[in-house]
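Chemist: Using only what follows, build the 3D model:
(chains A, B, C and D)
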2 protein chains.
Amino acid sequence: MEAKRMTRQREAIFAQLVSRSDHPTAEEIHEALKPDWPRMSLATVYRNLGQLCEGGRAQKLGRGAADRFDGNAAPHCHLTCERCGGVFDLPTPPADTEAEPQAAANYPGKITGHTLCFFGLCPNCLNRAADDRASDNTYL
Amino acid sequence: MEAKRMTRQREAIFAQLVSRSDHPTAEEIHEALKPDWPRMSLATVYRNLGQLCEGGRAQKLGRGAADRFDGNAAPHCHLTCERCGGVFDLPTPPADTEAEPQAAANYPGKITGHTLCFFGLCPNCLNRAADDRASDNTYL
DNA sequence: TTTCTTATTGATAAGTGTTATCATTAATGA
DNA sequence: TCATTAATGATAACACTTATCAATAAGAAA
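Modeler: Presented below is the predicted three-dimensional model:
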């Protein structure tokens, strides 16, 4: 790929995404653009959304692939490893009692709870990363 | 459905889920049980995981359905509405500077960031809920 | 224990969301 | 204007999850 090209479709998709505040799905954007773009493919919407996220002009909300399950039903914090994609328990940090009241302060909806979602490297991947650096011969 | 029945499969699935701390996917559990349960269907795993979550003996981690996108790439907080499933912006509460250090304290991995995920009712659904109560004739 | 009822299973089709393929189109630079 | 090739539209392929259905087996009753 040589250089990005600004296409009318890309503009339309980005404009649509920025113009609304409901964090639409690809399907919803595709549907919204149908009147003006009856021939736009859903694949084009996915492609451009992905590219906008890559370029830092948008962000994707939500998980990666398959659902994961936890035999411990009590609420506790998890770390999602950015390298292996695994999900791991974290020693629960003290409940942040200020987050909810602060978030609810000027919000006309109702907030019933929140979760802290951490991301980083799990112990295994952290060690592997160290190993990789140790055996890195790029500069030899 | 009259009453829950305790099947060997259900026991095995729950035991497997509790015995491990890597928050496996349905597929991973299915695979792990294959030696002892070569004929167990993947559908049975999904069914029982769902039932365990319903019964409060397990929890599902991750999103609901389709990916959602945000035209604002800056990190900010979101509320997921438990009624309509929509995702909405929240006025960003002050960064919780203690959460990460505290979580990282005794964790042998590396924590690079975290997100606050709120859930509750969006303004629309909150109003609808009030309307529903107003027109509730269950006790008339 | 045996019988009966029906929740649950295994097998698989169907459904949903996303990505890959590929011939055609059109955005950029020469 | 022309040549190059990124991007498109159409659709197949894919991954994950749920629904369908005949066969099985758990639990209650006889």
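
Chemist: Helix or strand next in line after the strand ranked longest in chain A, which one?
Modeler: Identified as the longest strand of chain A according to DSSP state E is strand A:110-121. Going down the chain from strand A:110-121, the next helix or strand is helix A:123-134, by DSSP states H and E.

Chemist: Briefly note if that next one comes near chain B.
Modeler: Yes - applying C-beta under 8 Å from any C-beta of the partner chain, one finds helix A:123-134 touching chain B at A:123, A:125-126. (Each C-beta comes from the backbone N, C-alpha and C, glycine too.)

Chemist: now that helix against strand A:110-121, angle please.
Modeler: Here helix A:123-134 points in a direction 40 degrees away from that of strand A:110-121 (axes from the mean of the first three to the mean of the last three C-alpha atoms, to 10 degrees).

Chemist: What are the buried residues along helix A:123-134?
Modeler: Buried residues in helix A:123-134, counted by 16 or more other C-beta atoms under 10 Å in any protein chain shown: A:125-126.

Chemist: elements contacting it?
Modeler: Using 3 or more C-beta pairs under 8 Å, 6 or more residues apart in numbering or on different chains; DSSP states H and E, no helix or strand is in contact with helix A:123-134.

Chemist: List the contacts of that helix.
Modeler: A:81, A:83-84, A:121, B:107-110 (C-beta atoms under 8 Å, 6 or more residues apart in numbering or on different chains).

Chemist: hmm, back to that, out of the residues of helix A:123-134 next to chain B, which is nearest to B:I13?
Modeler: A:P123 (26.9 Å; C-beta to C-beta).

Chemist: one step back: can you lay out the residues of helix A:123-134 next to chain B as a markdown table showing distance to B:D70 and pLDDT?
Modeler: A markdown table is the format used below for the residues of helix A:123-134 next to chain B (distance: C-beta to C-beta, whole Å; pLDDT from 0 to 100):
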| residue | distance to B:D70 | pLDDT |
| --- | --- | --- |
| A:P123 | 31 | 89 |
| A:C125 | 27 | 88 |
| A:L126 | 29 | 89 |
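
Chemist: Can you tell me which of those residues lies closest to B:A58?
Modeler: Relative to B:A58, the closest of these is A:P123; by C-beta to C-beta it sits at 23.8 Å.

Chemist: Next one: that closest one from A:R8, what distance?
Modeler: For A:P123, the distance to A:R8 (C-beta to C-beta, to the nearest Å) stands at 48 Å.

Chemist: ditto for A:G62
Modeler: Counting by C-beta to C-beta, the gap from A:G62 to A:R8 is 28 Å.

Chemist: between these two, which one's more packed in?
Modeler: Between A:G62 and A:R8, A:G62 has the larger neighbour count (other C-beta atoms under 10 Å in any protein chain shown), namely 17 against 10.

Chemist: does the more buried one really touch B:R68, like I thought?
Modeler: Yes - counting by C-beta atoms under 8 Å, A:G62 does reach B:R68; the two are 6.0 Å apart.

Chemist: now the longest strand of chain A: mean pLDDT?
Modeler: Averaging pLDDT along strand A:110-121 gives 87.

Chemist: Which positions within it qualify as buried?
Modeler: So for strand A:110-121, counting by 16+ other C-beta under 10 Å, buried means A:110-111, A:114-118, A:120-121.

Chemist: now that strand, how far from the centre of its chain.
Modeler: 13 Å (C-alpha atoms, centre = their mean, to the nearest Å).

Chemist: DNA strand D contacts on chain A?
Modeler: A:1-5, A:7, A:9-10, A:37, A:39-44, A:47-48, A:65-67 (C-beta under 7 Å from any atom of the strand).

Chemist: So which of these would count as near DNA strand C as well?
Modeler: With C-beta under 7 Å from any atom of the strand as the criterion, the residues of chain A next to DNA strand D include A:3, A:5, A:7, A:42-43 near DNA strand C.

Chemist: of those, the lowest pLDDT goes to which?
Modeler: A:A3 (79).

Chemist: how many other residues sit next to it?
Modeler: 4.

Chemist: just so I have it, where are all the helices in chain A?
Modeler: A:8-19, A:26-33, A:42-54, A:99-104, A:123-134 (DSSP state H).

Chemist: Quick check: mean pLDDT of the fourth one?
Modeler: What that stands for is helix A:99-104. Averaging pLDDT along helix A:99-104 yields 81.

Chemist: What of stretch A:12-26?
Modeler: The average pLDDT for stretch A:12-26 rounds to 92.

Chemist: same question, stretch A:48-55
Modeler: 91.
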